[in-house]
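Enquirer: Sharing a model prediction with you, sequence too.
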2 protein chains.
Amino acid sequence: MKRVKISNNVIRRLPRYLRKLDDLSYNGVDRISSSELGKQMGLTPSQIRQDFSCFGEFGQQGYGYNVEALREEIATILGMKRGFNVILVGTGNLGHALIGNFGFKNHGFNLLGAFDVDPKMVGTEIMGTHIYDSADMPAFLKQNKVDIAVLTVPRRVANVTAKAVIQCGVKAIWNFTNIELDLDDPDVLVEDIHFSDSLMALSYYLSESMEQATGANQ
Amino acid sequence: MKRVKISNNVIRRLPRYLRKLDDLSYNGVDRISSSELGKQMGLTPSQIRQDFSCFGEFGQQGYGYNVEALREEIATILGMKRGFNVILVGTGNLGHALIGNFGFKNHGFNLLGAFDVDPKMVGTEIMGTHIYDSADMPAFLKQNKVDIAVLTVPRRVANVTAKAVIQCGVKAIWNFTNIELDLDDPDVLVEDIHFSDSLMALSYYLSESMEQATGANQ
């Protein structure tokens, strides 16, 4: 597929479309118009048409979108059909939760294994995922082509761990450590999940609504 | 403080500014120009000035921003000085990780307690946070003014749990259950953390960079 440069805002909306389409599909909806989809997602129909037009034509004028076909298109665009290989480093509570509940497989990713330094964890399994000794990670990464490393280590070892996986050729890091990684390699992609950003936004909207309520009572 | 309607994009950038300012402060930087701040954050100076202008004047022309003062202003705008009270519902691995590692206190939030249905958890503590029986939640919420409920329960009970806390007067939900809550109350604020959205974006960018590399080799 030929790609043009797509704006980050569009990229960030694609997973939302995907979730919505999964939802529609689950509920037996075969076809949906851009206006109905927009209504359900809080977007304008023209916004939706514009987003999808970045990737070619998905719908047919007057017929709406085929839910399943659109879902497949978006999944493909998002790289979910590539079967990316993933490892997870750090099997504390958060790592444990991701292995157990995230559903890498359902999202199209192969979780090849997890790594930890804790002797009590090494050699065990979480929901079928083997926990290896972190010391064996370089050898593992030589033997297995790994695309993405999930970083759920304590923050004090976040940077050194990131550098270690990069040195072994991993090109993408999903970073849960809540620090900004300081890496030298401009080719490495880092996606941070900052829990705090989300809580701050909620806190802002709550403050705002409380002020409005106070204003209304005066 | 008088507020005007601020765009969501600006709100979503404020926590990033805050993290950056924390970082600068930690590294002993007292003052920073909008151009330097922009450089470090990948934003244009005019974007930064425009963002801050939504809330009044923070900097002085030619002198840059006072890091500490700007940090305090943004923290105030984000509601971090209000001392919002928080409970967490569901102390599985993810709930456990949040209680243990997130640092509610450092972010200005009071975590009053956590709730679970598991008899093995009830009555225990995680890092000083008491785990109560979920059955006692309504009574607890009557006795304590709680602003935000963190939802880390299994998804099959996500909606019923959300409705239960809302019925007890909680107005904001930080939702980690990965389902879209279906609530009737339009006054309730819900902030979702969708882990998958973030991994999808990373997957997209990784696909894109692989295609570029393939293209370059042809």
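Expert: Cool, got the structure.

Enquirer: Pull out the buried positions in the longest strand along chain A.
Expert: What stands out as the longest strand in chain A, according to DSSP state E, is strand A:110-116. Across strand A:110-116, burial judged by 16 or more other CB atoms under 10 Å in any protein chain shown covers A:111-116. For glycine as for every other residue, the C-beta is placed from the backbone atoms N, C-alpha and C.

Enquirer: Format these as JSON lines; extra columns: pLDDT.
Expert: Formatted as JSON lines, those follow (pLDDT from 0 to 100):
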{"residue": "A:Leu111", "pLDDT": "98"}
{"residue": "A:Leu112", "pLDDT": "98"}
{"residue": "A:Gly113", "pLDDT": "98"}
{"residue": "A:Ala114", "pLDDT": "98"}
{"residue": "A:Phe115", "pLDDT": "98"}
{"residue": "A:Asp116", "pLDDT": "98"}
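
Enquirer: quick check, nearest of those to chain B?
Expert: Nearest to chain B among those, counting by CB to the nearest CB, is A:Leu111 at 11.4 Å.

Enquirer: give the contact list for that closest one.
Expert: A:86-88, A:99, A:104-105, A:129 (CB atoms under 8 Å, 6 or more residues apart in numbering or on different chains).

Enquirer: follow-up on the earlier one: after the longest strand of chain A, which helix or strand is next?
Expert: strand A:125-126 (DSSP states H and E).

Enquirer: so does that next one get close to chain B?
Expert: No - no part of strand A:125-126 sits near chain B under the criterion CB under 8 Å from any CB of the partner chain; the closest distance found is 9.3 Å.

Enquirer: Can you name the residues in contact with that strand?
Expert: By CB under 8 Å, 6+ apart, strand A:125-126 touches A:91, A:96, A:99-100, A:114, A:131.

Enquirer: quick one: the helices in chain A?
Expert: Along chain A, the segments classed as helices by DSSP state H run A:8-26, A:34-41, A:45-53, A:67-77, A:93-97, A:137-143, A:158-167, A:195-217.

Enquirer: So which of those has the densest surroundings on average?
Expert: helix A:93-97 (a mean of 23; mean count of other CB atoms under 10 Å in any protein chain shown).

Enquirer: for that one, packing partners?
Expert: On a contact count with 3 or more CB pairs under 8 Å, 6 or more residues apart in numbering or on different chains; DSSP states H and E, helix A:93-97 meets helix B:93-97.

Enquirer: What lies in contact with the helix it packs on?
Expert: Contacts for helix B:93-97 (CB under 8 Å, 6+ apart): A:92-94, A:96-97, A:100-101, B:88-89, B:114, B:116, B:126, B:150, B:152, B:176.

Enquirer: Just give me the neighbour total for A:Arg156.
Expert: Using other CB atoms under 10 Å in any protein chain shown, A:Arg156 has 10 other residues around it.

Enquirer: Ignore what I typed, I meant A:Phe104.
Expert: When neighbours are counted by other CB under 10 Å, A:Phe104 comes out with 20.

Enquirer: can you pull the contacts of it?
Expert: A:86, A:110-111.

Enquirer: go on, A:Pro45?
Expert: Counted by CB under 8 Å, 6+ apart, A:Pro45 has contacts A:33-35, A:37-38.

Enquirer: What score does it have for pLDDT?
Expert: pLDDT, A:Pro45: 90.

Enquirer: Could you do A:Gln60 as well?
Expert: 65.

Enquirer: So what does A:Tyr168 look like in phi/psi?
Expert: For residue A:168 the amino acid is Cys, not Tyr. Backbone torsions of A:Cys168, given as degrees, to the nearest 10, read phi -90, psi 10.

Enquirer: which of the contacts of helix B:93-97 lies closest to B:Tyr205?
Expert: A:Leu94 (22.7 Å; CB to CB).

Enquirer: What sits closest to that closest one if chain neighbours are left out?
Expert: Sequence neighbours aside, B:Ala97 is the residue nearest to A:Leu94 in space, at 3.9 Å (criterion: CB to CB, 6 or more residues apart in numbering or on different chains).

Enquirer: and the one you found, how far is that from A:Gly64?
Expert: Distance from B:Ala97 to A:Gly64, counting by CB to CB, to the nearest Å: 42 Å.

Enquirer: ditto for A:Gln40
Expert: 13 Å.

Enquirer: Over to A:Val150?
Expert: 37 Å.

Enquirer: quick one: which of the two has more around it?
Expert: A direct count of neighbours by other CB under 10 Å for A:Val150 and A:Gly64 places A:Val150 higher, at 29 against 17.

Enquirer: does that one have beta-bridge partners, and which?
Expert: A:Leu88, A:Trp174 (DSSP bridges).

Enquirer: you'd agree it is up against A:Phe176?
Expert: Yes - using CB atoms under 8 Å, A:Val150 makes contact with A:Phe176 at a distance of 7.1 Å.

Enquirer: can you list residues touching both of the two?
Expert: Joint contacts of A:Val150 and A:Phe176 (CB under 8 Å, 6+ apart) are A:Leu98.

Enquirer: if we can go back for a sec, in ChimeraX, how would I select the buried members of the contacts of A:Leu111?
Expert: Buried subset of the contacts of A:Leu111, written as a ChimeraX selection, criterion 16+ other CB under 10 Å:
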select /A:86,87,88,99,104,129
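
Enquirer: which two in the contacts of A:Leu111 are spaced the farthest apart?
Expert: Counting by CB to CB, the most remote pair of the contacts of A:Leu111 is A:Ile87 and A:Lys105, 14.3 Å apart.
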